[in-house]
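Chemist: curious how this folds, go ahead:
(chains A and B)
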Amino acid sequence: MPLKSKHLLGLDGVSREDIQLILDTAVSFREVLERPIKKVPPLQGKTIANMFFENSTRTRLSFELAERRLSADVLGFQATGSSVSKGETLKDTARNIEAMKVDMVVMRHSAAGAPHYLVQVIDANVINAGDGGHEHPTQALLDMYTIREKIGRLEGLHVCIVGDIAHSRVARSNIYGLKTMGARVSVCGPSTMIPRDIERLGVDVYHHIDDVLPTVDALNVLRIQMERDAGRLFPTLREYHNFYGITRQRLEKAGRTITILHPGPINRDVEISADVADSEHSVILQQVLNGVAVRMAVLYLLSSRN
Amino acid sequence: MHYLLRNGRLIDPLKRRDEEVDIHIADGRIERMGKGLSVPHAQVVELKGKVVAPGFIDMHVHLREPGFEYKETILTGCTAAAAGGFTAVCCMPNTNPPIDDESVVRLIREKARAALDGLVDVYPVAAVTKGRKGEHLAPLAELAAAGAIAFSDDGEPVHDGEILRRALEYASMFGRPLIQHAQDMPMTKGGAMNEGFTATRLGIPGMPPAAEDSMVARDIQIAKYTRGKYHVAHMSTAGATAMVRAAKAEGLNVTCEVTPHHIALTDDAVSSFDTNTKMNPPLRTQEDVDALRKGLKDGTIDVIATDHAPHSFDEKQVEFQTAPFGIVGLETALGLVITELVNKGVLTLSQMIEKMSTNPRRILGLPEIRIEEGQNANLTIFDPDAEWIVDTGAFKSRSKNSPFGGRPLTGKPVGIVNNGEAYWV
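Modeler: Okay, here's the model as predicted:
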């Protein structure tokens, strides 16, 4: 059964069946990653361009590894800043890369909707590796995969996303994906970081972390952009940590087992304390490994549609 | 030039006329008006079912010349105006160089007189501050003497309350309005669309309606204190509409305009990431649209103006957040207004004509258009029932950046007559 769409631009509007298919396919690739020889042939002869218009280490490496594990030929492209500051438009850059006959494009871009624009000007399959504050679908898929692996299901779970929801593509993709899979989703953060009318996406809003912890099964703790936001969206990092930091003491007070996720990179002792990040309930490193498997699944499923 | 406009329905809000009449125009003057006129040698234009109205003026247009001729020129902009049924436009000063010196006012007026033999009157709006930087007053008296019809830093607000106060005081000496692009800039920094549910869903940085409301609120207090003539450009929020309504009830010299796109679309249109849905102020919510429609109906909103903002094809062929703000409007205005306001019972045709001709002329201190024998003919003629589909490729404007391509509209210009010239669509 193929995926419904030729591209993966986001999880908004993606069906439960398609998410299920990606997660189930990822299970077999996850098994491949445990083998002594971790390479399989399905994308042999396919060329994939990784267009990263915004700094990224872990997502770029994860995609690159997934592509190589599937035996694809990989083109890397990293440009800091927007396409415009480089003097070439996104359209021209993409068309140039496509002229080299690439089959798929993985793109990270600082502008929301950039991949949605890209699919109008090129023919290759496009995977969104993060567009501004909009979506980061493979991150949400690997988050869901990891929760499912740890707890055994998604349906009926309560997942809370903590931090700067307003500027987070990880939050949006998780909300769309988890809601589709039947989870209860809440968001928690200072009111300056909760975007207007987010309740209309069917999530509950909390401003006090201790109010939500007693019913939560999994916490997805977002990274604080320290340079950008301190003094604007919240007064100081210390204050943020005191009111929203996920600490062992807070978790113990909640009196239940809570799985801890973080998309990385972690600011230790800002949004999450070191002992929680390294605790037995933290699945942060599993997320990294599962990310490769989930991306292999997405690449494989999109490629096998053609 | 010798025309007999036959059987047209003359709607003249000033004279409260609405009747079928023949109009004989010779050398730009209205020679005779009456029923069943017969004029030998005149070119007969049969206008049964068409409306003849005082010439429309779009008081908010970016002609882009000098400096951005690849987007629009005075000639292409005037042609687009004529094709859209406008006999006059006011052009905004965010050119390069900006209209902050009398030489630029003179240049624009000269070029406008040469374009289409002066068919379309072009009234430059000069900058309030030097370089539109909001710091030092531009030479307002010299600019007015050279022909500037109003003052605005449009694209930017006059942010500093002290500068706004002095500009209102100074401009009121010669009866010129100050047109404010009301936007608290720090509140909208980085923003690309209305802040609200759609922006939340799309992850696009928002521009809160409060940025417009708060500046209009402050400005009204300054207008009240100075007794200056204050006009809100492209008003887009329910909040600002309510404040202008209250200011008018208080008897203040406060007026405002709305664009056709702010009443025809909501921010939901941005969901496509179409860069032609990106403008400033941004498309707002249905509640705002409803408030604007109510404001038009009850007279709070005086003027419909397009904020015609041409950008080249390539400039809009980019990521949404990177794209420049603005859309063209001259050639879709009439159709949108008839479709969205007249045919939906918000405005009568006569009220529409007031908001596109009589009211803006009054605000700008321009003479009334008198449709009488012996007067110069300044007329907009349109077919209120014509159904058509917007084809951006057919625009006379040099730029085609419109979100309305493919949209079916009712109401289409037939032609204009002005300054002894005529243009038939």
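
Chemist: get me the contact residues on the stretch 1-150 of chain B for chain A.
Modeler: Contacts of the stretch 1-150 of chain B with chain A, taken as CB under 8 Å from any CB of the partner chain, are absent. C-betas here are computed from N, CA, C, even on glycine.

Chemist: show me where the stretch 101-250 of chain A has its strands.
Modeler: Ranges of strands in the stretch 101-250 of chain A, per DSSP state E, counting those that start in this stretch, are A:104-109, A:125-131, A:158-162, A:184-188, A:204-206, A:218-221.

Chemist: name the residues of the stretch 201-306 of chain A found near chain B, please.
Modeler: Taking CB under 8 Å from any CB as the criterion, the neighbours of chain B within the stretch 201-306 of chain A are residue A:201.

Chemist: spatially nearest residue to residue 123 (excluding sequence neighbours)?
Modeler: No chain was given, so I picked chain A. residue A:98 (6.9 Å; CB to CB, 6 or more residues apart in numbering or on different chains).

Chemist: that's the other chain; I wanted chain B
Modeler: Excluding the flanking residues, the one nearest residue B:123 by CB to CB, 6+ apart is residue B:149, at 3.9 Å.

Chemist: surely that neighbour meets residue B:90?
Modeler: Yes. Contact criterion CB atoms under 8 Å: residue B:149 and residue B:90 qualify, at 5.9 Å.

Chemist: check contacts around residue A:298.
Modeler: Counting by CB atoms under 8 Å, 6 or more residues apart in numbering or on different chains, residue A:298 touches A:8, A:22, A:127, A:138, A:141.

Chemist: could you say which helix or strand contains it?
Modeler: helix A:284-303 (DSSP states H and E).

Chemist: rounded mean pLDDT for that helix, please.
Modeler: For helix A:284-303, the mean per-residue pLDDT is 97.

Chemist: quick one: distance of it to the chain centre.
Modeler: Put simply, helix A:284-303 sits 11 Å off its chain's centre (CA atoms, centre = their mean, to the nearest Å).

Chemist: want to throw the strands of the stretch 101-250 of chain A into TSV with mean neighbour count and mean pLDDT?
Modeler: Converted to TSV, the strands of the stretch 101-250 of chain A look like this (neighbours: other CB atoms under 10 Å in any protein chain shown; pLDDT from 0 to 100):
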stretch	mean neighbour count	mean pLDDT
strand A:104-109	26	96
strand A:125-131	26	97
strand A:158-162	24	98
strand A:184-188	22	98
strand A:204-206	16	98
strand A:218-221	26	98
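
Chemist: in CSV, list those along with distance to residue B:158.
Modeler: Listed next are the strands of the stretch 101-250 of chain A as CSV, based on distance: least, CB to CB, whole Å:
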stretch, distance to residue B:158
strand A:104-109, 35
strand A:125-131, 36
strand A:158-162, 42
strand A:184-188, 39
strand A:204-206, 38
strand A:218-221, 45
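
Chemist: which residues sit in contact with the residue sitting nearest the centre point of chain A?
Modeler: Centrality entry for chain A: nearest residue to the mean C-alpha point is residue A:139, 1.8 Å, by CA atoms, centre = their mean. Applying CB under 8 Å, 6+ apart, we find residue A:139 in contact with A:59, A:130, A:169-170, A:173-174, A:263, A:291.

Chemist: so residue B:312 is in contact with residue B:397, correct?
Modeler: No. Applying CB under 8 Å, one finds residue B:312 not in contact with residue B:397, separated by 11.2 Å.

Chemist: tell me which of those two has more neighbours.
Modeler: residue B:397 (24 against 16; other CB atoms under 10 Å in any protein chain shown).

Chemist: phi, psi for that one please.
Modeler: The phi and psi values for residue B:397, taken as degrees, to the nearest 10, are phi -60, psi 150.

Chemist: now it: closest residue in space that isn't a chain neighbour?
Modeler: residue B:80 is the one closest to residue B:397 (CB to CB, 6+ apart), at 3.8 Å.

Chemist: now the element after the helix or strand bottoming out on mean pLDDT in chain A, going C-ward?
Modeler: In chain A, no helix or strand scores lower on mean pLDDT, DSSP states H and E than helix A:83-86, which sits at a mean of 54. Per DSSP H and E, the first helix or strand lying C-terminal to helix A:83-86 is helix A:90-99.

Chemist: can you list the buried residues in that next one?
Modeler: A:90-91, A:93-94, A:97-98 (16 or more other CB atoms under 10 Å in any protein chain shown).

Chemist: check which helices and strands it sits against.
Modeler: Judged by 3 or more CB pairs under 8 Å, 6 or more residues apart in numbering or on different chains; DSSP states H and E, helix A:90-99 is in contact with strand A:47-52, helix A:83-86, strand A:104-109, helix A:114-121.

Chemist: and of those, who's closest to chain B?
Modeler: helix A:114-121 (4.5 Å; CB to the nearest CB).

Chemist: what's the spacing between that closest one and its chain's center?
Modeler: For helix A:114-121, the distance to the chain centre is 20 Å (CA atoms, centre = their mean).

Chemist: please save the CA atoms from that helix in PDB.
Modeler: What follows is helix A:114-121, C-alpha atoms only, in PDB (Å, rounded to 0.1, in the frame of the first residue of the first chain):
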ATOM      1  CA  ALA A 114       9.200  27.000   1.500                       C
ATOM      2  CA  PRO A 115       8.700  23.200   0.600                       C
ATOM      3  CA  HIS A 116       5.100  23.900  -0.400                       C
ATOM      4  CA  TYR A 117       6.500  26.400  -2.900                       C
ATOM      5  CA  LEU A 118       9.300  24.100  -4.000                       C
ATOM      6  CA  VAL A 119       6.800  21.400  -5.100                       C
ATOM      7  CA  GLN A 120       5.300  23.900  -7.500                       C
ATOM      8  CA  VAL A 121       8.600  24.500  -9.300                       C
END
